[in-house]
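> pasting a predicted model and its sequence here:
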Amino acid sequence: MPQRFHDYDRVAIVTGSDSGIGEATAVALARAGFDVGVTFRSDEAGAAQTAAAVRAAGRRCEVRHLDLTRLPGAADVIDDLATALGGLGVLVNCAGTGIATPVVDTGWDRWREVLTVDLDGPFLCAQRAARRMLATGRGGRIVNVTSVHEHAPRVGSGAYCAAKGGLGLLTKVMAQELARSGITVNAVAPGEIATEMTGNEDVDPYGVERPGIPAGRPGDANEVAAVIAMLASPEAAYVTGASWVVDGGMLLMGPQAGSHLPSHDWREG
């Protein structure tokens with residue numbers, strides 16, 4: 001009979017948790033009872049703020065610098081944090097970068113940077129996490145933060161779409177390979193969220209008009225974090241290999257129209 005896996009380590013690592021979705025996720029997991037490993041690339045003050053929020057929730061926190069352009073060695077941070085916190089039950093791959101350049105104008109160095117940070121980095125971090133989870137035999141959770149552009153193209157984002165699409169399929173393969181060991185692997189695919197990457201940081205998303213998104217606004221980072229926290233929970237043991245779109249209905253409007261329609265006229269039918 002399949003084994004039950006409910007006692008995986010109450011330790012989570014959230015890459016890129018110095019701001020935005022990563023920060024919100026680290027705090028949500030702390031409130032759900034996890035000690036949290038926080039990583040940052042350049043915003044050390046933001047990481048310290050996240051750590052303070054985790055500790056305010058009554059959980060332990062360790063902070064490490066993680067630069068995913070420095071692979072494969074940078075992935076050592078996963079083992080470092082897991083050792084410092086005494087285990088690893090959840091990995092959230094949230095660190096990432098973007099691009100807004102047509103494919104024909106994308107230089108090789110920029111192409112490689114985006115693929116390295118958005119695909120190679122999550123692969124290596126997930127591999128390190130999975131190996132530790134397999135070694136304990138207690139199962140675990142891996143969540144890869146992709147994008148709606150895991151599923152639909154966007155003009156000017158060839159490298160980004162290629163990386164996120166690749167991460168989406170990597171998620172599915174890892175889910176197949178690890179399910180029997182009680183390790184679930186899922187993707188969360190945000191749409192436009194009020195973060196620095198989308199130019200909406202520190203903005204109340206309810207005050208921003210997005211006529212082409214059925215919800216009529218961007219999302220809040222906490223709304224994405226809530227889905228990640230659900231997938232990280234013991235109750236989500238039978239959920240694996242899925243991509244959870246958190247986009248206010250954007251993808252229902254087509255690959256680009258959702259965020260670009262200038263009026264609400266489409267609502268009239």
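Arrived safely.
> quick one: low-confidence parts of the stretch 151-269 of the chain?
Applying pLDDT under 70 to the stretch 151-269 of the chain picks out residues 196-202, 255-260, 266, 269.
> can you give me the helices in it?
Remark: helices assigned in the stretch 151-269 of the chain by DSSP state H, counting those that start in this stretch are 158-178, 221-231, 257-260.
> out of those, which gets nearest to residue 139?
Ranking those by proximity to residue 139 (CB to CB) places helix 158-178 first, at 8.9 Å. Bear in mind the C-beta positions are built from the backbone N, C-alpha and C, glycine included.
> list the buried residues in that closest one.
Judged by neighbour count using 16 or more other CB atoms under 10 Å, the buried positions of helix 158-178 are 158-168, 170-172, 174-175, 178.
> tell me who's in contact with the nearest residue to residue 134 once chain neighbours are set aside.
With sequence-adjacent residues excluded and distances taken as CB to CB, 6 or more residues apart in numbering, residue 134 is closest to residue 181, at 5.8 Å. For residue 181, the contact set (CB atoms under 8 Å, 6 or more residues apart in numbering) comprises 5, 133-134, 137, 139.
> now swap in residue 263 and tell me
Contacts of residue 263 by CB under 8 Å, 6+ apart are residue 211.
> just give me the longest strand of this structure.
Looking across the chain with DSSP state E, the single longest strand is strand 183-190.
> list the helices and strands it packs on?
Packed against strand 183-190 by the contact rule (3 or more CB pairs under 8 Å, 6 or more residues apart in numbering; DSSP states H and E) you find helix 121-136, strand 140-145, helix 158-178, helix 221-231, strand 243-246.
> about what we covered before: widest-spaced pair of the contacts of residue 181?
Farthest pair in the contacts of residue 181 (CB to CB) is 5 and 134. Separation: 11.6 Å.
> okay, the helices of the stretch 151-269 of the chain in CSV with distance to residue 249 next?
Output for the helices of the stretch 151-269 of the chain, formatted as CSV (distance: least, CB to CB, whole Å):
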stretch, distance to residue 249
helix 158-178, 19
helix 221-231, 13
helix 257-260, 7
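> what's the closest of these to residue 143?
It's helix 221-231; of these, that one is closest to residue 143 (CB to CB) at 5.3 Å.
> quick one: which of the contacts of residue 181 is most hemmed in?
With neighbours taken as other CB atoms under 10 Å, the top of the contacts of residue 181 is residue 133, carrying 27 neighbours.
> and it, what pLDDT?
pLDDT, residue 133: 97.
> likewise the one 3 residues further on?
At residue 136, the predicted lDDT confidence score is 96.
> surely residue 41 touches residue 77?
No. Under the criterion of CB atoms under 8 Å, residue 41 is not in contact with residue 77, lying 11.0 Å apart.
> which residues are common contacts for those two?
Listed as contacting both residue 41 and residue 77 by CB under 8 Å, 6+ apart are 65-66.
> can you count the residues close to residue 39?
For residue 39, using other CB under 10 Å, the count is 28.
> show me what it is bridged to.
Under DSSP bridges, the beta-bridge partners of residue 39 are residue 64.
> any idea how far it is from residue 47?
Per CB to CB, to the nearest Å, residue 39 is found 7 Å from residue 47.
> try residue 106
Residue 106 is 30 Å from residue 47, by CB to CB.
> ok, those two, which is more surrounded?
For residue 106 versus residue 47, the count of surrounding residues by other CB under 10 Å is larger for residue 47: 26 against 16.
> my guess is the more buried one meets residue 14, correct?
No. Contact between residue 47 and residue 14 fails when scored by CB under 8 Å: they sit 10.5 Å apart.
> any shared contact partners between those two?
Between them, residue 47 and residue 14 share these contacting residues under CB under 8 Å, 6+ apart: 38-39.
> residue contacts, the spatially closest residue to residue 15 that is not a sequence neighbour?
Spatial nearest neighbour of residue 15, excluding adjacent residues (CB to CB, 6+ apart): residue 95 at 3.9 Å. Applying CB under 8 Å, 6+ apart to residue 95 gives the contacts 15-16, 22, 39, 41, 66, 68, 117, 121-122.
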